[in-house]
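Trainee: when you get a sec, could you give me coordinates for this:
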Amino acid sequence: MAPSIDRMVSIMIALLFLCLGAEAVDRSNFKTCDQSSFCKRQRELMPGQSPYRALLDTLELSDSRITLQLINDNNKVRLLLELYRLQGNMTRIKINELKPLKPRYEVPDVLLNDPPTEPMTLVAQDVNSVVLSLGVDEQRVIVNARPFRLDIVEGPKVLLSLNSRGLLAFEHLRLRKDTISHKITSTVGSMWDSIKSVFSSKHDTDAEDGGGSDNAELADDEDGQTVKEEEDKPGMWEETFKTHSDSKPNGPTSISLDFSFPGVEHLYGIPEHADTLKLKNTDGGEPYRLYNLDVFQYELNNLMALYGAVPVIISHNTERTMGVFWLNAAESWVDISSSTSGKTVFGKMMDFVQGSNEAPQTDVRWISESGIIDVFFMSGPRPNDVFAQYASLTGTQAFPALATLGYHQCRWNYNDQEDVKAVDEGFDEHDIPYDFIWLDIEHTDGKRYFTWDPNKFSQPKEMLQGLMDKRRKMVAIVDPHIKVDSGYSIHNEIRSKGFYVKNKDGGDYEGWCWPGNSGYPDFTNPEMRAWWASKFAYDQYTGSMENLFTWNDMNEPSVFNGPEVTMHKDAMHGNWEHRDVHNIYGIYVQRATAEGQIQRSGGTERPFVLTRAFFAGSQRYGAVWTGDNAAEWGHLKISIPMCLSLGLVGISFCGADVGGFFKHPSTELLVRWYQAGAYQPFFRAHAHLDTPRREPWLFGPDNTALIREAIRQRYTLLPYWYQLFYNAYRTGQPVMRPLWVEYTEDPDTFAIEDEYLLGKDLLVHPVTEEGAKGVTAFLPGKGEVWYDVHTFQKHKGAQNLYIPVTMSSIPVFQRGGSIISRKDRVRRSSACMENDPYTLYVALSPQGTAEGEIYIDDFHTFKFETDKQFIHRRLHFSDNALSSSNLAPDSQFTTASWIEKVVIMGASRPTSVSLTTADGTKTALEFEFDSAASVLTLRKPGVNAGADWTVFLV
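Mentor: Numbers count the residues shown, from 1 in each chain. The predicted model follows:
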């Protein structure tokens, strides 16, 4: 009986979910700023004179920080400002209530540690300002007292201003007027007023309160000063959206602060939004929203919140790159206003002709529902400096196992073990490599995670062993909503341990998701996370093996019958409301899962966890994808700026569902998406339950061949992908990056989002237009050259190049001056290629030089870190000599791989070629020269990939 009930519930849930978004997202299910009362209140505050004043006589300077009190002259509430100079050219500013009624939430666990500080010195002080030295590059902090304003300057230039528009607003914790506590306080206050009035004249009172009040009551602060008591506004103490009520027991707690970037027109970051790479001006429209939500079939070119939120903005101009990290996990909104955003091209030209000296400026306003102001200013000055600064705070991209960079085959759902076996064999039959096959929610026993359907997946280890025999792997979904079922051990354990999130009345919070009625584990609790991690042990997760990895979906968290399809804000995580922690729930789920995978191997194997929800720091735990996209050309196009935005804020391991999750792609769209996906960091095809099957061989032999070729191109480049991810892990630099990151002084690159760089050496311009006969790619770099990786044709930089395309075309260019390693022998999976030989592709610069790297380890364990078991070599070409030298002489590792071939683009014909090895042995090498393409090919140098050697061209 129970199985049939489970099936009925599943069908009802699926029908409900489909009805919610059969065509596109129902925007009425999600709030606008006007419907979010705190956003509306804060946005009603217009730029102008700030009520906040710095009390300079409270300034205290120690070795590690400066503290300073601020006062709101309207309500006399005092705030405490803390300022820290951090190592690495960063500044941290925290603002909290000086004496809050109770603690306000400060985000834990996102920062790697307490950032190390550097000393500051007091340079000058007068009655209205303080100047502090930040110790580097003539950087100063200038604090103006009335009104409060803080500027960070370098020499004569202002880098960043805080509260320059007077939009600092800090809603202090208070007692509700109709509570007993408030009435007692008010009564005592009234008695004191009566006593005081005996000794005070009306003239004195008027002088103190500034001459009266408008729509506000008069009250006294603790110092006896008369202040304006703020008027209660709708939504302060309770709020309703559709049928959902938010009790708001703490009342209004929102915060706001504005930042100004003088000289800046281009801002990037604050993912996740299905919109342009460059952030837009929001004047007169909706702000960008940061609130992790399950948005079913999201719209494009929209500032609505999506599945993840990283509150980081990066500014860039020809002189400098900077960043601002707003560390707050509550619902947030970001307004952007530019002094030049409304000008037409003609208007800007007239400014130039007329010699206008109006400097551009972009203003940003952050608004969050609760917590404190905790902001980090990363002052660059170069893009790579900002990436390193941010990485020092929140960590770098986890270094993935090589197999995870291969191709992933997924759909909702593969029906049973026989279906999995048939798909696996289909790849071999059609000679298409892949590394992972995925199972969605239907593989479980009635949506009970950590289980297998007893009929369809009765022998999971047999299935996994079959994949392991072919050196392939599997991913199974484990979502963070737990079926409420007394016969389900996972639920019983969580309930007995008290690990569920609680509702406002203290009971276990329950909502509807895929299993039906579900409980939500409190992943903010470290004990809960440790318990969850333990469930991935092989003796706990029945049927699991070392080649089974994990997909965390629905972890915003998704609650089908909750407000905005998520958890009620007044649900409780220990002492904190869900409103305080909402945006970090997802990162905690992914973290606990990744830690479980590491622990099951005894700490030796690298994990793989894909997450849909994310926050700052999620890069430390695995990969993300862009969620429930659709089989439409617009969704293919938008995947590029979406992943570029994520890379800029640390999350390099990003991809989109190839083919689109919803709907059914045309064969042209599917082929183009495979071609694009093969050159994005996370490469997975995925499809909805109701779509026709889409395995790569189901669209006729011609399209199968095109898809096969795209996937094979991915596999030949795996050494380069692996090297890029190693560098991302070491430095924080994005794997997939906008052109402006490398061409910082070229304004033509600043808004480009239809092409991108992989590392600094490959430029990719996917074909994303239906029926395209050609694309125009911008090749950057005056005085540089680029080589078509397919034809080796050389093109000059700093030009728009029109490229005719056919269905087989994937426009990719290698930068002149680079060396890229590939493996041209493609096998059924990446593991089968581990010991295969390398081919080096040397693209000469106009000066006849080139640089590159090659990185090798065991491709799956942490031994590269714990035991220094890796090879990292520099490849260098100059003066007609190509050499390999050791970048890590203290490392210990050997490889069976060797150098099979060297292809040199932009070369001249030599008379002879020889190889000299580390022991001095010289060997003549065979070569071929294509005079039409200026390509020199060296056959079988035969030297080990980990050895020292030099090839001489004479």
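
Trainee: okay, stretch 547-561 in CSV with CA atoms only?
Mentor: C-alpha atoms of stretch 547-561 as CSV (Å, rounded to 0.1, in the frame of the first residue of the first chain):
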residue,chain,number,x,y,z
ASN,A,547,33.1,5.9,-7.8
LEU,A,548,29.7,7.3,-6.6
PHE,A,549,29.6,11.0,-6.1
THR,A,550,26.9,13.5,-5.2
TRP,A,551,24.5,16.2,-6.5
ASN,A,552,22.9,18.6,-4.0
ASP,A,553,19.8,20.1,-5.6
MET,A,554,16.9,22.1,-4.1
ASN,A,555,19.2,23.5,-1.4
GLU,A,556,18.1,27.1,-1.5
PRO,A,557,16.2,25.6,0.3
SER,A,558,13.2,24.8,-1.9
VAL,A,559,9.8,24.5,-0.2
PHE,A,560,7.0,24.1,-2.7
ASN,A,561,4.3,25.4,-0.4
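
Trainee: so how far is that stretch off the chain centroid?
Mentor: Put simply, stretch 547-561 sits 17 Å off its chain's centre (CA atoms, centre = their mean, to the nearest Å).

Trainee: how about stretch 676-684?
Mentor: Relative to its parent chain, stretch 676-684 has a centroid offset of 16 Å by CA atoms, centre = their mean.

Trainee: what's the answer for stretch 664-673, then?
Mentor: 27 Å.

Trainee: identify all contacting residues around that stretch.
Mentor: 631-633, 636, 658-660, 691-692, 694, 699-700, 703, 706-707, 710, 766-768, 770-771, 807 (CB atoms under 8 Å, 6 or more residues apart in numbering). No exception for glycine: its C-beta is placed from N, CA and C like everyone else's.

Trainee: just the buried ones from the residues you listed?
Mentor: 631-633, 636, 658-660, 691, 694, 699, 703, 706-707, 710, 766-768 (16 or more other CB atoms under 10 Å).

Trainee: now, which of those residues lie within strands?
Mentor: Val658 (DSSP state E).

Trainee: filter the buried ones among the contacts of stretch 664-673 down to the ones in helices?
Mentor: 633, 636, 703, 706-707, 710 (DSSP state H).

Trainee: mind putting the residues you listed into JSON lines with pLDDT and distance to Ser129?
Mentor: Below are these laid out as JSON lines (pLDDT from 0 to 100; distance: CB to CB, whole Å):
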{"residue": "Trp633", "pLDDT": "98", "distance to Ser129": "55"}
{"residue": "Leu636", "pLDDT": "98", "distance to Ser129": "53"}
{"residue": "Asn703", "pLDDT": "98", "distance to Ser129": "68"}
{"residue": "Leu706", "pLDDT": "98", "distance to Ser129": "66"}
{"residue": "Ile707", "pLDDT": "98", "distance to Ser129": "65"}
{"residue": "Ala710", "pLDDT": "98", "distance to Ser129": "61"}
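
Trainee: can you lay out the residues you listed as a markdown table showing distance to Gly395?
Mentor: Formatted as a markdown table, those follow (distance: CB to CB, whole Å):
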| residue | distance to Gly395 |
| --- | --- |
| Trp633 | 36 |
| Leu636 | 31 |
| Asn703 | 41 |
| Leu706 | 39 |
| Ile707 | 36 |
| Ala710 | 32 |
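
Trainee: and these, which is closest to Phe325?
Mentor: Set against Phe325, the nearest of these by CB to CB is Leu636 (30.7 Å).

Trainee: was I right to think the closest one contacts Tyr674?
Mentor: No. Assessed by CB atoms under 8 Å, Leu636 is found out of contact with Tyr674, at 10.5 Å.

Trainee: the helix or strand containing Thr91 pairs with which strands, and in what direction?
Mentor: Secondary structure assignment for Thr91, by DSSP states H and E: strand 90-97. With DSSP bridges as the test, strand 90-97 is paired with strand 78-86 (antiparallel), strand 373-378 (antiparallel).

Trainee: from the chain's centre, how far out does that strand sit?
Mentor: With CA atoms, centre = their mean, you get 23 Å for strand 90-97.
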